[in-house]
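Visitor: any chance you can model this:
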Amino acid sequence: MSNHIKKTPVNEMELYESKHNEKDIVNNHYHTTHQILYVLDGKGKCTMDSEDYLLESDNVAIVPPFTNHSIVSDSKMTVLVLEFNESFLSDEVKKELLPLVFDTSRVLKMSLFDSSELRQLLRKMLYEQSHGDTLRFLAMKLFLAELLFVLIRSYQTNQISDTNMLRVEWLRNYINTHYFEISGSEDIAKKMGMSTRYIHSIFKEHYGKTPMQHLTEVRLELVKKMLIETDNDIASICFEVGFESVSTFYRVFKKYVGVPPNQYRTSHIETGFSEEDE
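Guide: Numbers count the residues shown, from 1 in each chain. Predicted structure coming up:
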């Protein structure tokens, strides 16, 4: 039988390890709690509400409360189990995020970007659970909310079948949602576990521009919108969208837009011009 390392019942939230030897069987059962299973290593099969799914490294199984499920391991398999009660969560998370993630049982194959984010969040949760101070429960709730966001975002690209197109969509989605923290093309390539040349090649093939050109466009569109719709200082806007220095920002903005940002703001405010008119 499998070795489930879990010392106490789940009253709020717990992250624990479940070890399975080859040919181990976890018989059909259900929980009153929500469960997210992350396969660290190995292969197996999972049945949830009479639907069969394959399990392999980096797969995520979503197990809503009262879902009948069983697991058979084809090899040694190690799974991280995140189990929590709904009462532990804030009203906003219960209303806005939980129904989207746990609307049905499923096994999700994560994108390279989302899988990396999910692993980092699980590491943070393990640390807080073992070494955290009096704020550890708050930290766990915040990380769980972020993890649910990652899962929802991953659903959006999960149905794309072409490998290169899938990679490009992952890449584009990553840039669109992480534009404020990307430091360069090497940063993106490292996230994908691929060479900078390769990601440039496939992105340019599909979109006619490099990932960094797309990043610049995403940032500048946000800057233009903020210049018109807010009175935020230009230095603050520059910082918010991810430019490392004001001088670099001014140079890039003028190169792409044709005028400095302060002139762009003044001319558009004076004429009452909006982005929708462009």
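Visitor: can you classify Glu83 as helix, strand or coil?
Guide: strand (DSSP: H, G, I helix; E, B strand; the rest coil).
Visitor: so which helix or strand takes in the most centrally placed residue in the chain?
Guide: Central residue of the chain (C-alpha atoms, centre = their mean): Val150, 2.9 Å from the mean position. Taking DSSP states H and E as the criterion, Val150 maps to helix 136-156.
Visitor: look up phi and psi at Glu244.
Guide: With angles defined as degrees, to the nearest 10, Glu244 sits at phi -80, psi -30.
Visitor: grab the nearest non-local neighbour of it.
Guide: Ser183 (7.7 Å; C-beta to C-beta, 6 or more residues apart in numbering). Glycine gets a C-beta too; all of them are placed from N, C-alpha and C.
Visitor: can you give me the neighbour number for Met13?
Guide: Look at Met13: counted by other C-beta atoms under 10 Å, it has 20 neighbours.
Visitor: same question for Ile152.
Guide: 14.
Visitor: please enumerate the helices of the stretch 51-200 of the chain.
Guide: 91-96, 98-101, 112-131, 136-156, 163-178, 185-192, 196-207 (DSSP state H, counting those that start in this stretch).
Visitor: what's the angle from the fifth one to helix 112-131?
Guide: Between the axis of helix 163-178 and that of helix 112-131 there is an angle of 50 degrees, by axes from the mean of the first three to the mean of the last three C-alpha atoms, to 10 degrees.
Visitor: angle of helix 163-178 against helix 185-192?
Guide: Orientation check (the same axes, to 10 degrees): helix 163-178 against helix 185-192 gives 120 degrees.
Visitor: pLDDT averaged over helix 163-178 - what is it?
Guide: For helix 163-178, mean pLDDT rounds to 82.
Visitor: elements contacting it?
Guide: helix 112-131, helix 136-156, helix 185-192, helix 196-207, helix 211-229 (3 or more C-beta pairs under 8 Å, 6 or more residues apart in numbering; DSSP states H and E).
Visitor: tabulate the ones you listed (TSV), appending distance to Thr248 and mean pLDDT.
Guide: Output for the helices and strands packed on helix 163-178, formatted as TSV (distance: least, C-beta to C-beta, whole Å; pLDDT from 0 to 100):
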stretch	distance to Thr248	mean pLDDT
helix 112-131	25	87
helix 136-156	29	87
helix 185-192	16	83
helix 196-207	20	89
helix 211-229	11	95
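Visitor: ok, which of these comes nearest Val93?
Guide: Distance to Val93, taken as C-beta to C-beta, is lowest for helix 136-156 among the helices and strands packed on helix 163-178, at 5.1 Å.
Visitor: identify the residues contacting the closest one?
Guide: 12-13, 36, 60, 62, 82, 84, 88-90, 93, 97-98, 100-101, 108, 110-111, 114, 117-118, 121-122, 124-125, 128-129, 132, 173, 177 (C-beta atoms under 8 Å, 6 or more residues apart in numbering).
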